[in-house]
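**Q** following is a predicted model, sequence given first.
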Amino acid sequence: MTYFGAEDPHLGERIGILGGSFNPAHDGHIEVSLLALDKLALDKVWWMVSPQNPLKSPEGMETFQKRILLAERTAKGYPICVSTVEFEMGTQFTVDSLMELVARFPKTKFIWLMGADNLAQIHRWRDWSRIFHTLPIAVFARPTYAIQAERGKAARRFARYRVPAYRSKSLAEKKPPAWVVFKGPHNTQSATRIRHLKKAGKG
């Protein structure tokens, strides 16, 4: 659970923020979270479940409550907090959510976690460049997107702020913009693929 009291309960902690619809949460999200915990020396990861991604159609989207429950079941036993913070703050766009988090928890060291597919298209997001100036970012390579992402608009614009992977444990201490790309094992699961398999009666 998240806490919006007068004091910051996460004072000094390193927390990775993995945002998304989590429709549904799956082992790929776990893999990214565990890799982030290790490579970035995080204390925990928050799964920031979006009530409704403005770039995705609500068609085929499970209810927010059901996605939260499934995410909690998937994350059980791991240092992962399934967070309703975006719903509580009333924000819709990533940039607004991250800026609000930084304002509410100024002593917490957040890192935004995302897949290479999102890096490839982040230039379509609202105020996308401000995201780079709000938090350090860790990008996790995904099949078919790695090359496209590293040649994309965002990667080119912020190329000089890229941190080598061997220095990733210091990313939380760096003033943004600062970002790193990890290339490692790829989990073949994705929320889209899982939904397609279920429709085909294979899941």
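**A** Ah, there it is. None of the values given here were measured: they were computed from a predicted structure.

**Q** which residues touch residue 43?
**A** 13-15, 79 (CB atoms under 8 Å, 6 or more residues apart in numbering). From N, CA and C alone the C-beta is placed, and that goes for glycine too.

**Q** what is the burial count for the nearest residue to residue 87 once chain neighbours are set aside?
**A** Sequence neighbours aside, residue 51 is the residue nearest to residue 87 in space, at 5.0 Å (criterion: CB to CB, 6 or more residues apart in numbering). By other CB atoms under 10 Å, 16 other residues sit near residue 51.

**Q** residue 51 is in contact with residue 88, isn't it?
**A** No - under the criterion of CB atoms under 8 Å, residue 51 lies out of contact with residue 88, with a separation of 10.1 Å.

**Q** confirm residue 142 sits in a helix?
**A** No - residue state for residue 142 (DSSP: H, G, I helix; E, B strand; the rest coil) corresponds to coil; a helix is not indicated.

**Q** burial count for it?
**A** Residues near residue 142, counting by other CB under 10 Å, number 20.

**Q** dihedrals phi and psi, residue 40?
**A** Here is the backbone geometry of residue 40 (degrees, to the nearest 10): phi -110, psi 0.

**Q** enumerate every residue touching it.
**A** 14, 16, 111, 138, 168-169, 171-172.

**Q** with residue 44 instead?
**A** Residue 44 is in contact with 13, 15-16, 37, 79-81, counting by CB under 8 Å, 6+ apart.

**Q** for stretch 136-154, give the mean pLDDT please.
**A** Confidence for stretch 136-154, expressed as mean pLDDT, is 85.
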